[in-house]
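Q: Here is a sequence with its predicted model. Questions after.
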Amino acid sequence: MFVTVDGKKCELLAPKETPLLWVLREDWRNTAVKFGCGMGLCGACTVHINGQAVRSCQTEAGSAVGKQVTTLRGLHPDADHPVQKAWRELNVVQCGYCQPGQMMSAAALLSKNKNPSDQEIVDAMNGNLCRCGTYPRIRAAIRRAAEIMRTGGGQDVVR
């Protein structure tokens with residue numbers, strides 16, 4: 001059984017019911033995915049499966065077999081996805097622990113809606129917790145990433 005993670009074929013050797021988070025981090029050494037609460041409530045572990053944002057701590061690894069899993073590392077080969085560019089440009093990160101999940105949720109939103117309203121941003125990001133309180137910078141970065149995407153300064157999710 002194989003899962004494609006950030007474009008690389010990875011063999012699933014763990015039991016299928018193992019949380020995808022632990023397989024990503026422990027078996028495949030992908031530390032771009034963070035453990036936060038383990039209950040799907042904080043969003044730190046957010047990844048995409050076939051373009052859909054999911055909480056990897058609550059997703060069985062077996063459900064990803066034969067699918068494309070994208071982590072923050074896989075958004076763009078040079079870390080130049082519009083979300084990543086905007087995060088850097090606006091200096092969003094404070095401690096940074098929650099930011100991979102924040103960026104993955106933002107990328108999922110922008111893949112469906114290139115011009116979200118402030119309320120749509122809040123709704124899409126609801127459930128992604130930031131202990132440092134960088135929410136205003138996160139919202140500003142999402143608006144900036146949307147602008148980059150609309151003006152042709154970037155591309156959508158690569159995988």
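A: Noted; the coordinates are in hand. Numbering: from 1, shown residues only.

Q: which one is residue 6 nearest to, not counting chain neighbours?
A: residue 74 (3.0 Å; CB to CB, 6 or more residues apart in numbering). All C-beta atoms are positioned from the backbone trio N, CA, C, and that covers glycine.

Q: Thought residue 103 was touching residue 72, still the case?
A: Yes. Using CB atoms under 8 Å, residue 72 is in contact with residue 103, at 5.8 Å.

Q: ok, the residue most central in space within the chain - contacts?
A: When the chain is reduced to its mean C-alpha position, the nearest residue by CA atoms, centre = their mean turns out to be residue 104, at 2.0 Å. With CB atoms under 8 Å, 6 or more residues apart in numbering as the criterion, the residues that contact residue 104 are 46-48, 53, 70-72, 75.

Q: Same question for residue 62.
A: Under the criterion of CB under 8 Å, 6+ apart, the contact partners of residue 62 comprise 1, 12, 15-17.

Q: Any regions of this structure where pLDDT drops low?
A: By pLDDT under 70, the low-scoring segments of the chain are 153-159.

Q: quick one, domains of it?
A: 2-74, 82-150 (automatic domain parsing).

Q: re the thing from before, return the subset of the contacts of residue 104 lying in strands.
A: Among these, the ones falling in strands (DSSP state E) are 46-48, 53, 70.

Q: Can you work out which other helices and strands pack against the lengthiest helix in the chain?
A: In the chain, assigned by DSSP state H, the helix with the most residues is helix 135-150. Other helices and strands packing on helix 135-150, by 3 or more CB pairs under 8 Å, 6 or more residues apart in numbering; DSSP states H and E, are helix 82-89, helix 99-112, helix 118-125.

Q: can you pull the buried residues of it?
A: Applying a neighbour-count criterion of 16 or more other CB atoms under 10 Å, one finds 137-146, 148-149 buried in helix 135-150.

Q: Output those residues in a markdown table; the columns should cover distance to residue 63.
A: Conversion of those to a markdown table gives the following (distance: CB to CB, whole Å):
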| residue | distance to residue 63 |
| --- | --- |
| 137 | 33 |
| 138 | 28 |
| 139 | 31 |
| 140 | 34 |
| 141 | 30 |
| 142 | 28 |
| 143 | 33 |
| 144 | 33 |
| 145 | 28 |
| 146 | 30 |
| 148 | 32 |
| 149 | 29 |
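
Q: got TSV for the ones in strands among the contacts of residue 104, with neighbour count and distance to residue 115 too?
A: As requested, those are arranged in TSV below (neighbours: other CB atoms under 10 Å; distance: CB to CB, whole Å):
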residue	neighbour count	distance to residue 115
46	30	22
47	28	25
48	24	21
53	20	19
70	23	22
